[in-house]
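*Asks:* coords please:
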Amino acid sequence: MINKAEFQIANGPFEPTVDGLQGFQCPQWFLDAKFGIWSHWGPQCVPMYGDWYARTMYIEGSDQYMYHCRKYGHPSKFGYKDLVKLWKAEKFDPAGLMDLFVESGAKYFVAQAMHHDNFDCFDSKWNEWNSTRMGPMRDICALWQKEAKRCGLPFGLTEHLGASYTWFSTSHGADKTGPFAGVPYDGADPRWQSFYRDNNSELLDHAGTWTWYTNNEKYHKDWLRRMVDVIDKFAPDLFYSDGCMPFGDYGLAMVAHLYNTSAAHNGGVNNALYNFKKTTDQKLLNIGVVDIERGIMENASEAPWQDDTSIGDWFYNVRWKYKQAPEILDTLVDVTAKNGCLLLNVTQKPDGTLDDELVWTLGRIGKWCKENGEGIYGTRPWRTAMEGKTKMDGGMFKETKAEFGSTDFRFTQKDGAVFAFQMRESEDGQAWIKALGRLYHPEIKAVTVCGKPAAFEQRDGALLVTTGANPNPGLPMCIGVK
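*Replies:* Numbering: from 1, shown residues only. Below you'll find the predicted structure:
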């Protein structure tokens, strides 16, 4: 166990040990929310050339390296330190965007505190490379939080710093061929050590092998100090690590600080959750909520969980095709039926605006949520999550477009009602739901479709509902049963 006083870990009902965090209970707001919007936004959006730019621009021959050399110059001359200063966010309208997100149906909002690039999107106590001292010259996270509070949305933050100590090691290299062969990239220059960190040998583990998390305790301490700073400044309702919980006892201390800080703000009751990637340690699974990046659970889970995904690439990418409303809403319904929440990143341009296509898609999602949200928000899993032959693959990074039909259903429940989502409308305007036939379900008194009364007949083999035309063709349709 670390020294709590050294890192100013808050006292409270949680101790920084695995056993001391077993008292975690998922907050009610998360159980009810089901759908959140994420702003995975920072200076790596500037080139508009996709995710992991700050690492891959230093990998000779990669697409991002080639683009960088031709757009900005060789990374020995114009490195990532120079690129971050070009992020101005000059048209960033957090109030307008938050209103749009609320209209799209989001019930919580999450911003990025820092990515693997070691650039903080807030007024950092420990890192001079932050958005208040260069680039936007504003506290991006504080602006987001202000608007989330105005709209009554729980506010979360994500940290990707844990992996950065090794992830950024490419900046210390040099080309092996060509006109700059052997010329060190700017990350090797001692003048920029505060950004790119120490020399290459300290950034890598095991004789130069890159691993996600460093074994160097010096960086474990740096990480914890910076996490405490973030939590002290924002007291987030959700705090996400991009990976398993980092750094052993240091990670446990961070989680305890998060929960005790929340308890201090909420009459002794923790209202925050720690969000992290899956671990095989059951006790660790009990200290927060598991996140599945770009993936879902294959079946319903007793414990709540989250699918985090993006409408496009993680950072703005001119080459990327966006997800459309059917794919997003199929996922939302499937995730909700399996006791999860969907956190959707909406990709912002460097100036802070969204493409017209994204605004249009969010509008379609919002319209659907208004008509079908009764079966989403505040619901819990029913005795069965699914009916029909079509399933979505489970696991991380397994996103596929499911070819749903009219015999595919997903189920939720709330306040004595069951909600059956017909994943695609039928040609004859009817839904046959086997799980709600007389043999399997008590007598049904009323049925609605998208909130409006509908004719129905309950037979031994199925519930037959006259749905009529789907008001949102090609999207799931909520059938309420009481």
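
*Asks:* quick one: residue 339 and residue 304 touch, right?
*Replies:* Yes. Residue 339 is within contact range of residue 304, at 5.7 Å (criterion: CB atoms under 8 Å). Every residue, glycine included, has its C-beta placed from N, CA and C.

*Asks:* And the helices in the stretch 101-250 of the chain, which stretches?
*Replies:* 140-150, 164-167, 193-196, 200-203, 217-234, 249-265 (DSSP state H, counting those that start in this stretch).

*Asks:* With mean neighbour count, mean pLDDT and distance to residue 429 as extra columns, can I get those helices in CSV?
*Replies:* Below are the helices of the stretch 101-250 of the chain laid out as CSV (neighbours: other CB atoms under 10 Å; pLDDT from 0 to 100; distance: least, CB to CB, whole Å):
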stretch, mean neighbour count, mean pLDDT, distance to residue 429
helix 140-150, 20, 98, 41
helix 164-167, 25, 92, 53
helix 193-196, 18, 93, 61
helix 200-203, 17, 51, 62
helix 217-234, 19, 97, 49
helix 249-265, 23, 98, 49
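
*Asks:* Can you say which of those is nearest to residue 414?
*Replies:* Judged by CB to CB, the one of the helices of the stretch 101-250 of the chain that comes nearest to residue 414 is helix 140-150, at 24.9 Å.

*Asks:* which other helices and strands contact the closest one?
*Replies:* Packing contacts for helix 140-150, counted by 3 or more CB pairs under 8 Å, 6 or more residues apart in numbering; DSSP states H and E, involve helix 94-103, strand 108-114, strand 155-159, helix 217-234.

*Asks:* Run the angle between the longest one and helix 249-265 for me.
*Replies:* Note on geometry: by axes from the mean of the first three to the mean of the last three CA atoms, to 10 degrees, helix 217-234 and helix 249-265 are set 10 degrees apart in direction.

*Asks:* Next: the first one.
*Replies:* Helix 94-103 and helix 249-265 meet at an angle of 90 degrees, taking the same axes, to 10 degrees as the criterion.

*Asks:* what's in contact with helix 94-103?
*Replies:* For helix 94-103, contacts defined as CB atoms under 8 Å, 6 or more residues apart in numbering pick out 37, 39, 109, 143-144, 146-148, 150-151, 153, 346, 352, 354, 359, 362-363, 366.

*Asks:* same question for it, mean pLDDT?
*Replies:* When pLDDT is averaged along helix 94-103, the result is 98.

*Asks:* quick one: it to helix 140-150, angle?
*Replies:* Between the axes of helix 94-103 and helix 140-150, defined by the same axes, to 10 degrees, the angle is 50 degrees.

*Asks:* ditto for the second one
*Replies:* Relative orientation of strand 108-114 and helix 140-150, computed by the same axes, to 10 degrees: 170 degrees.

*Asks:* for the most centrally placed residue in the chain, what are its contacts?
*Replies:* Centroid-nearest residue in the chain, with CA atoms, centre = their mean: residue 308, separated by 3.8 Å. If a contact means CB under 8 Å, 6+ apart, then residue 308 has 38, 240, 291, 292, 293, 294, 343, 345 as its contacts.

*Asks:* Now do the SS call for residue 306.
*Replies:* strand (DSSP: H, G, I helix; E, B strand; the rest coil).

*Asks:* count of residues packed around it?
*Replies:* Residue 306 has 24 neighbours, counted by other CB atoms under 10 Å.

*Asks:* Same question for residue 8.
*Replies:* 11.

*Asks:* what's the domain layout of this protein?
*Replies:* For the chain, automatic domain parsing gives the domain ranges 4-375, 380-481.

*Asks:* Mean neighbour count, these: which tops it?
*Replies:* Neighbour counts (mean count of other CB atoms under 10 Å) averaged over each of those peak at domain 4-375, with a mean of 19.

*Asks:* Straight-line length of it, end to end?
*Replies:* End-to-end distance for domain 4-375: 44 Å, by CA to CA, to the nearest Å.

*Asks:* mind checking how far that domain is from the chain centre?
*Replies:* Counting by CA atoms, centre = their mean, to the nearest Å, domain 4-375 is centred 8 Å from the centre of its parent chain.

*Asks:* Just to check, residue 349 is in contact with residue 358?
*Replies:* No. Between residue 349 and residue 358 there is no contact under CB under 8 Å: 9.8 Å.

*Asks:* And the lowest mean pLDDT element among the helices and strands of the chain?
*Replies:* Between all helices and strands in the chain, the lowest mean by mean pLDDT, DSSP states H and E belongs to helix 200-203, at a mean of 51.
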